[in-house]
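Undergrad: just the structure for this:
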Amino acid sequence: MPNQSPAAGTDPGAVSVRDQVRSLVTPARLAEFFAPQSLALVGASEASGWARFIALASSAVDYTGPVYPVHPKIDSAFGHKAFRNVRDIGEPVDLAFLLAPTHAVEGVIDDMAASGIRNAIVLAAGYREVGPDGRALEQKLIAQCAAAGIVILGPNCLGFLNTHAKTAPFGLGVPLPLTAGPVGVALQSGALATVVLQYAKAHAIGVSSLTTVGNEAMITIEDMIEYLVEDDNTKVIALFLEEISDPVTFGHAAARADAAGKPIVALKVGSSEAGQAAALAHTGSVAGDDAVVNSVLAQLNILRVNSIEELLNTAALLGYDRVPAGRRMGVITASGGACDIIADRSSEQDITIPPFAQQTADAITPHLPSFATAHNPLDVTGVGLAGARTGTLTAIDYALDAAVDDPGLDFVLFSGVNIPDARPPDDELAKVMEDRLEWLSQRMDSSPIPVIPVGSTSVDTGPWARELLGKHHVHVLGGLDFGIKALGNAILWQERRGHVRQSLPQPKIPHGVVLEGAQAWSEAQGRDLLTQAGVPVVPGEVVASAAEAVAAAQRVGTPVAMKIVSAQITHKSDIGGVALGLSSEAEITAAYEKVRAAGDSVAGATVDGVLVTPMRGGGVELLAGVTVDPTFGPTLAVGLGGVWVEIMQDTSLRVLPVDAAEVRKMLEELRGFPLLRGARGSQAANLDALSDAIAGIGETALSLGGALRAFEVNPLWVNGDQVEALDVLVATGPDVETNGAE
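TA: Here you go, the predicted model:
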């Protein structure tokens, strides 16, 4: 994987190679890499489909620089003289696109080094994606390039295009017309690049650059973020992610983007749940891989989306429009049905539609038919569409003009930009439309609050509409569904900005290590560990007879709970190893015999005794558990506990470590948070004490280092100022902390 430290047993020299790569791949070097003004196409011929794609892509961006085909058997290609070897070119070359087969790449790199060519794209596959032999071949390629001062994109890579630099060493089709714009795209998938460009073209979304990163041998997805943060032509970064292999570097890059005011929108695929130690702890079922990714991206203020359409609509809004500073929306449409759809979708995004101020309604009313009412959301009705135009502006425009000055609104959603695909044959009508769009553009620019144009459906933008909208710098979001989802995303980014986690911890578990061999501790051992760490635990005693149980109950206070104590029995209630609400001597005696017999009946289980603890009533039961994510390491989950954890699925997650302040934020994210505030007359929880206890649970889990597999307190009981761990589960395995981790 890119940016990974060498595995145990590898040559220590590999570390120096990695350092060489990091010193080469800088934002300044990448600015040069992604704006080449001369290209060598090694292995190019007119019979090569890849070479033809590059030629067409270059034409699409109006590339005018020199092209040097290099091929051992041809004299020319695409109207350019061909050379037998890059050493024969005799002119400076900014970048070489290697179309050569895998076995020939090493020799071409040597030729590049001799010719002073410092940058390359490697198309060839057969490297780490095919297994250990390919991984070794890729490491050799990296070392060769690093030693020669050559930076490569790939291998197994289809290249990039840069619309502002007008260069496109890109081995895929480019849908025309290609629009230059504010959205920088980087993908961990090659074939999807054309799909992204096709949607961008259909909806007049301009891209600054689009890059496929291939195997990320040298230029990684994290490097692409750093480069796009520095790129003046990029206002928003759109990512297609298959993996985050270097969370530390990824976190640093995301923090830089947030500080620079450049939103990151990511389509992260792969939502399967690994659920480490799920058979032992409830936490594993609620903190699967995908839930952890959601939490990490949120902590980094990266907007996670679910489709290419949502990716590009969100990126377009953030790239073209001002981001609303709040959630109070004015709605101006010409359709009552559209108002209904907008109201429903806005509710899903926690966007409010407050009433217009009286002065706004008074200003709008004269422009409406007698049967219409000036309320928010506003339907100006279709009367204006059906009637003859008497001027440049229509009723919907006058409504917008009034709404943008409403003191109770943070932004206006405007569905009044409707440009036909082709220019009307009537010159006067065409001029009216052009003048109206010019007015709209100027009013949007002068408006004290953002105006977000949106189309009713996600339809393609026609040629004349594209030309006119581009001329006036107006972008129309593609449809109400995608548009309002994009709005919700953009507002969320604005709210999170400046609160990014500045760094993610380096996981103690090296990449590729499987967390096997989890062994549970007895509950008594888990209780002792928490107590030593200063985390409050419900009082209790482990007893070995019914008489001891009765005496213990008298000391801790009745009614009591009794549980079997055995490291081999984790789900105690499943085998009848739990008894609750016991007060009398007879009840306690009978319960002890029942619980002990249940434990003794489990083959292979070593029973340490029976735990006697006081019952706790009232209050709220929570789950606080830690599992080990294969990418991000120990991860804390907090949610409603007891039997509700898997039913309600109401949890908040953070990668450890976290402090009490961050735990407080986690609690506030829960749908069940009102229960902690004393809903329906119940006693409010001491949130400071609760947050301290949960932070302590996280710290205790981290103290187990690479042996940690699962650590769960369920339930964690809170009742006013009282906070106690009622049930503790700890599972550890072979310590992998020093097995190749950084």
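Undergrad: doesn't N686 make contact with L676?
TA: No - at 9.5 Å, L676 and N686 do not qualify as touching, with contact defined as Cβ atoms under 8 Å. (Glycine included, C-beta is placed from N, CA and C.)
Undergrad: shared neighbours of the two, anything?
TA: V718 (Cβ atoms under 8 Å, 6 or more residues apart in numbering).
Undergrad: out of those two, which sits in the busier spot?
TA: L676 (21 against 17; other Cβ atoms under 10 Å).
Undergrad: S447 contacts V404, doesn't it?
TA: Yes - between S447 and V404 there is a contact under Cβ under 8 Å: 4.1 Å.
Undergrad: quick one, which of the two is more surrounded?
TA: V404 (22 against 17).
Undergrad: A strand includes T457, no?
TA: No - assessed with DSSP: H, G, I helix; E, B strand; the rest coil, T457 is coil; it does not lie in a strand.
Undergrad: and it, what does it touch?
TA: By Cβ under 8 Å, 6+ apart, the neighbours of T457 are 479-480.
Undergrad: now A165
TA: A165 neighbours (Cβ under 8 Å, 6+ apart): 34-36, 209.
Undergrad: got any ranges where the stretch 201-350 of the chain has weak pLDDT?
TA: 271-288 (pLDDT under 70).
Undergrad: swap in 50 and give it another go.
TA: In the predicted model, the stretch 201-350 of the chain carries pLDDT under 50 at residues 272-280, 282-287.
Undergrad: okay, helices next: where are they in it?
TA: 221-230, 247-259, 283-286, 289-299, 308-320, 336-348 (DSSP state H, counting those that start in this stretch).
Undergrad: just checking, next helix/strand downstream of the last one?
TA: Using DSSP states H and E, the helix or strand that follows helix 336-348 towards the C-terminus is helix 358-364.
Undergrad: which elements pack onto that next one?
TA: For helix 358-364, the packing partners by 3 or more Cβ pairs under 8 Å, 6 or more residues apart in numbering; DSSP states H and E come out as helix 395-403.
Undergrad: name the residues that touch the helix it packs on?
TA: Identification of contacts with helix 395-403 by Cβ under 8 Å, 6+ apart yields 330, 332-334, 356, 360, 363-364, 367-368, 374, 376, 378, 380, 383-384, 393, 409, 412, 414, 416, 436, 439-440, 443, 451.
Undergrad: if we can go back for a sec, the helices of the stretch 201-350 of the chain into a markdown table, with extra columns for distance to D111 and mean neighbour count?
TA: Output for these, formatted as a markdown table (distance: least, Cβ to Cβ, whole Å; neighbours: other Cβ atoms under 10 Å):
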| stretch | distance to D111 | mean neighbour count |
| --- | --- | --- |
| helix 221-230 | 25 | 24 |
| helix 247-259 | 32 | 21 |
| helix 283-286 | 53 | 24 |
| helix 289-299 | 42 | 20 |
| helix 308-320 | 39 | 25 |
| helix 336-348 | 57 | 16 |
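Undergrad: among the contacts of A165, which ones are buried?
TA: With burial judged by 16 or more other Cβ atoms under 10 Å, the buried subset of the contacts of A165 is 34-36, 209.
Undergrad: and the two most separated of the residues you listed?
TA: The most widely separated members of the buried ones among the contacts of A165, counting by Cβ to Cβ, are P36 and S209 (12.3 Å).
Undergrad: then the helix or strand encompassing L667 to CSV, C-alphas only?
TA: Taking DSSP H and E as the criterion, L667 maps to helix 660-669. What follows is helix 660-669, C-alpha atoms only, in CSV (Å, rounded to 0.1, in the frame of the first residue of the first chain):
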residue,chain,number,x,y,z
ALA,A,660,-14.0,14.2,28.0
ALA,A,661,-14.9,17.2,25.9
GLU,A,662,-15.1,15.1,22.7
VAL,A,663,-17.1,12.4,24.6
ARG,A,664,-19.6,15.1,25.5
LYS,A,665,-20.0,15.9,21.8
MET,A,666,-20.5,12.2,21.1
LEU,A,667,-23.3,12.0,23.7
GLU,A,668,-25.0,15.1,22.2
GLU,A,669,-25.0,13.4,18.8
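Undergrad: the next helix or strand after that helix: which residues count as buried?
TA: Using DSSP H and E, the next helix or strand after helix 660-669 towards the C-terminus is helix 673-676. Neighbour counts over helix 673-676 (16+ other Cβ under 10 Å) mark 673, 675-676 as buried.
Undergrad: which residue in those has the weakest pLDDT?
TA: In terms of pLDDT, L675 ranks lowest among the buried residues of helix 673-676, with 88.
Undergrad: list phi and psi for the nearest residue to that one once chain neighbours are set aside.
TA: Of all residues not flanking L675 in the chain, V620 sits nearest, at 5.0 Å (Cβ to Cβ, 6 or more residues apart in numbering). Here the main-chain torsion angles of V620 (degrees, to the nearest 10) amount to phi -130, psi 140.
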